[in-house]
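structure for the following, please:
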Amino acid sequence: MCSSSPPKQKPVPVMPDKASYQAQAQKRDKKKFANAKGRNATILTNPLGVSTDPTVKKKTLLGG
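Below you'll find the predicted structure:
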């Protein structure tokens, strides 16, 4: 038995264009800014709300 199927060709890689690079950069920047804006820790809550006091510094008057 002889098989007469043609040899398989490798798919040609598609080069990304400038628009796709810009879209990826915009997504990356948006995620970076969202992460920078966010909190540094998770706020633990219960059914009654936040269970701890907020960590707020007292204001001080300088030079007086």
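
show the average pLDDT along stretch 46-62.
Mean pLDDT, stretch 46-62: 70.

what's the first-to-last distance across it?
Taking Cα to Cα, to the nearest Å as the measure, stretch 46-62 stretches 39 Å from start to finish.

likewise stretch 11-24?
End residues of stretch 11-24 are separated by 24 Å (Cα to Cα).

can you list contacts of that stretch?
Applying Cβ atoms under 8 Å, 6 or more residues apart in numbering, stretch 11-24 has no contact partners. No exception for glycine: its C-beta is placed from N, CA and C like everyone else's.

show the average pLDDT along that stretch.
Taken as a whole, stretch 11-24 has an average pLDDT of 82.

return the set of buried residues in it.
Of all the residues in stretch 11-24, not one is buried under the rule 16 or more other Cβ atoms under 10 Å.

and F33, how far is that from M15?
Separation of F33 from M15 (Cβ to Cβ, to the nearest Å) stands at 29 Å.

no, scratch that, I was asking about Q22
15 Å.

show me how far the host helix or strand of K30 is from its chain's centre.
If you go by DSSP states H and E, K30 is part of helix 18-37. Taking Cα atoms, centre = their mean, to the nearest Å, the mean C-alpha location of helix 18-37 is offset from the chain mean by 8 Å.

likewise stretch 25-41?
6 Å.

got the buried residues for that stretch?
Residues of stretch 25-41 include none that count as buried (16+ other Cβ under 10 Å).

and it, C-alpha only, in PDB?
In PDB, the C-alpha atoms belonging to stretch 25-41 read as follows (Å, rounded to 0.1, in the frame of the first residue of the first chain):
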ATOM      1  CA  ALA A  25       0.300  48.400  25.900                       C
ATOM      2  CA  GLN A  26      -3.000  50.100  26.800                       C
ATOM      3  CA  LYS A  27      -4.200  47.000  28.700                       C
ATOM      4  CA  ARG A  28      -0.900  46.700  30.500                       C
ATOM      5  CA  ASP A  29      -1.000  50.500  31.400                       C
ATOM      6  CA  LYS A  30      -4.600  50.300  32.600                       C
ATOM      7  CA  LYS A  31      -3.900  47.300  34.800                       C
ATOM      8  CA  LYS A  32      -0.700  49.000  36.200                       C
ATOM      9  CA  PHE A  33      -2.600  52.200  37.100                       C
ATOM     10  CA  ALA A  34      -5.400  50.200  38.700                       C
ATOM     11  CA  ASN A  35      -3.000  48.200  40.800                       C
ATOM     12  CA  ALA A  36      -1.200  51.400  41.800                       C
ATOM     13  CA  LYS A  37      -4.400  53.100  42.900                       C
ATOM     14  CA  GLY A  38      -5.600  50.100  44.900                       C
ATOM     15  CA  ARG A  39      -5.100  49.200  48.600                       C
ATOM     16  CA  ASN A  40      -2.100  47.400  49.900                       C
ATOM     17  CA  ALA A  41      -4.200  44.900  51.900                       C
END
